[in-house]
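Enquirer: Any chance you can model this:
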Amino acid sequence: MLTIRKAADRGHADHGWLDSYHTFSFADYHDPAHMGFRALRVINDDRVARGQGFGSHSHRDMEIISYVLEGALAHKDSMGTDGVLRPGDVQRMSAGTGVVHSEFNGSKTDPVHFLQIWIKPDAKGIAPGYEQKTFPAADKRGRLRLVASPDGDAGSLRINADARVYAGVLDAGQQVDLALGDGRHAWVQVAEGRVRLNGQELAAGDGVAISDERHLNIEGTDAGEVLVFDLA
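Expert: Below you'll find the model as predicted:
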């Protein structure tokens, strides 16, 4: 069964410096029908204006993944991490017992576009952790590249949750397939462009909750980029 969450139906907050669309309930946007899906708790589609950013704030007991689509996002945290995320970079921050962090767009000319993703961990109270890796577009083109998994398989980021996260870049006509195991569920998020999922047409910002399906087929109908979450 595929349940489509259209981009236009998401929550929206325009703070001037931040334009954010919320697939699930977040901050002042609350929708009891959309509190997350399985362990997937947050997908925020964020655009940060030039010279602006998120000031220092804290989180705990959440696996936080940042996936940059455009621009450069500077990151600092209480673990001593100090770096910059650019397109192709994926960041995993395990908040665990608590971490304070900030993100900033230091460009004077260009906005930052990125997806902020929260996944509920399998256990609370773990030590905070950070990891960042680059997955070039060439590694994702015409395939689903594993970018996060519990065991760090295939060079992916290691997350403390029973979830496997894939990223794919599809030109028009390119197709990828993913088999789902018994009792597994999935969420597909279209980051950019247009794709067709098991015959359903999807555009940027659309998401799909998937249960009781054993096979996913994703075809690019225009240049598209997708994230696929294989969930317990």
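Enquirer: So, low pLDDT: which residues of the protein?
Expert: The chain contains no residues with pLDDT under 70.
Enquirer: Go ahead and flag the most central residue of it.
Expert: Centroid-nearest residue in the chain, with CA atoms, centre = their mean: residue 117, separated by 4.3 Å.
Enquirer: hang on, that one in a strand?
Expert: Yes: counting by DSSP: H, G, I helix; E, B strand; the rest coil, residue 117 is located in a strand.
Enquirer: can you pull the contacts of it?
Expert: Going by CB atoms under 8 Å, 6 or more residues apart in numbering, residue 117 touches 40, 42, 43, 44, 64, 65, 66, 67, 165, 227. All C-beta atoms are positioned from the backbone trio N, CA, C, and that covers glycine.
Enquirer: Tell me which residue lies farthest from the centre of the chain.
Expert: Farthest-from-centroid check, the chain (CA atoms, centre = their mean): residue 108, 25.7 Å.
Enquirer: got the contact list for that residue?
Expert: So residue 108 contacts 50, 51 (CB under 8 Å, 6+ apart).
Enquirer: Can you tell me how far residue 115 is from residue 177?
Expert: 23 Å (CB to CB, to the nearest Å).
Enquirer: Likewise for residue 160?
Expert: Distance from residue 160 to residue 177, by CB to CB: 28 Å.
Enquirer: higher neighbour count, these two?
Expert: residue 160 (21 against 11; other CB atoms under 10 Å).
Enquirer: Skipping adjacent residues, who's closest to that one in space?
Expert: Nearest in space to residue 160, with sequence neighbours left out and distances taken as CB to CB, 6 or more residues apart in numbering, is residue 121 at 4.4 Å.
Enquirer: wait, doesn't the one you found sit right on residue 92?
Expert: No: using CB atoms under 8 Å, residue 121 makes no contact with residue 92, being 11.2 Å away.
Enquirer: per-domain residue ranges of this protein.
Expert: Domain segmentation of the chain under automatic domain parsing yields 11-134, 137-231.
Enquirer: could those be laid out in JSON lines, adding distance to residue 4?
Expert: Output for the domains of the chain, formatted as JSON lines (distance: least, CB to CB, whole Å):
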{"stretch": "domain 11-134", "distance to residue 4": "12"}
{"stretch": "domain 137-231", "distance to residue 4": "5"}
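Enquirer: Compare those and report which one is nearest to residue 3.
Expert: Ranking the domains of the chain by proximity to residue 3 (CB to CB) places domain 137-231 first, at 4.4 Å.
Enquirer: Span of that closest one from start to end?
Expert: One end of domain 137-231 to the other measures 24 Å (CA to CA, to the nearest Å).
Enquirer: next one: that domain to chain centre, how far?
Expert: The chain centroid and the centroid of domain 137-231 are separated by 11 Å under CA atoms, centre = their mean, to the nearest Å.
Enquirer: and what of stretch 114-127?
Expert: 12 Å.
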